[in-house]
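Chemist: Next comes the sequence, and after it the predicted model I'd like to discuss.
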Amino acid sequence: MTIGHTFIETLKNAVCESLGAQAAADCLGKSYSSLMSEFNENIPTHKLGVCDALKLIELSDSEASREQLARAMGGVFVRVPDANCLDHKASQTQALVAVQDLGVAIGEYNKAIDDMVITEQEFRTVEKEVYQAITAIQSFLFAVRSETRFCS
């Protein structure tokens with residue numbers, strides 16, 4: 001299974017579970033059968049375009065699709081908060097959350113390597129906690145930026 005296949009399969013599932021394939025096809029201005037052909041990796045002549053994929057991610061609000069796309073590009077997806085939702089002291093709060101989440105991630109890692117073997121489930125737990133810590137760190141930076149006035 002390729003990363004592209006994983007992304008397309010994840011996106012297809014998200015679309016079908018959220019707005020439905022017919023509604024998604026309508027939003028893209030194409031037929032249901034065309035969209036389903038583009039989701040099917042066994043039909044090499046039909047491929048989902050980047051613009052359509054991004055639109056479907058937005059319409060389905062699929063966190064899993066965003067994560068898969070980021071991984072395919074060698075990165076991680078981190079959702080940052082809406083600037084309007086931050087209060088004046090958000091950066092201080094986010095700094096504490098970031099430190100706490102990083103501590104939890106390191107604690108899970110230490111638990112996992114206690115027997116010098118990391119199982120798939122232990123890895124997934126550590127990975128989840130690390131992503132949560134990365135999100136908290138990025139949210140901290142976003143809060144600092146939104147609270148700061150830069151002087152030249």
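Modeler: Received it, and whenever you're ready, just let me know what you need. Numbers count the residues shown, from 1 in each chain.

Chemist: Just the CA atoms of stretch 11-19, as PDB, please.
Modeler: Provided in PDB are the C-alpha atoms of stretch 11-19 (Å, rounded to 0.1, in the frame of the first residue of the first chain):
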ATOM      1  CA  LEU A  11     -10.100  10.900   2.000                       C
ATOM      2  CA  LYS A  12     -12.700   8.600   0.300                       C
ATOM      3  CA  ASN A  13     -13.800   7.300   3.700                       C
ATOM      4  CA  ALA A  14     -13.900  10.800   5.200                       C
ATOM      5  CA  VAL A  15     -16.000  12.100   2.300                       C
ATOM      6  CA  CYS A  16     -18.400   9.100   2.400                       C
ATOM      7  CA  GLU A  17     -18.900   9.400   6.200                       C
ATOM      8  CA  SER A  18     -19.300  13.200   6.300                       C
ATOM      9  CA  LEU A  19     -21.100  14.700   3.400                       C
END
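
Chemist: now what about that stretch, what contacts it?
Modeler: Residues outside stretch 11-19 that contact it (C-beta atoms under 8 Å, 6 or more residues apart in numbering) are 21, 24, 27, 39, 48, 53, 56-57, 59-62, 64-65, 68. (Each C-beta comes from the backbone N, C-alpha and C, glycine too.)

Chemist: quick check: domain ranges of this structure?
Modeler: 3-72, 83-147 (automatic domain parsing).

Chemist: on that earlier part again, emit the ChimeraX select command for whichever of the contacts of stretch 11-19 are buried.
Modeler: To isolate the buried ones among the contacts of stretch 11-19 in ChimeraX, judged by 16 or more other C-beta atoms under 10 Å, type:
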select :24,27,39,48,53,56,57,59,60,62,64,65,68
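
Chemist: farthest pair in the contacts of stretch 11-19?
Modeler: Cys27 and Gln68 (20.5 Å; C-beta to C-beta).
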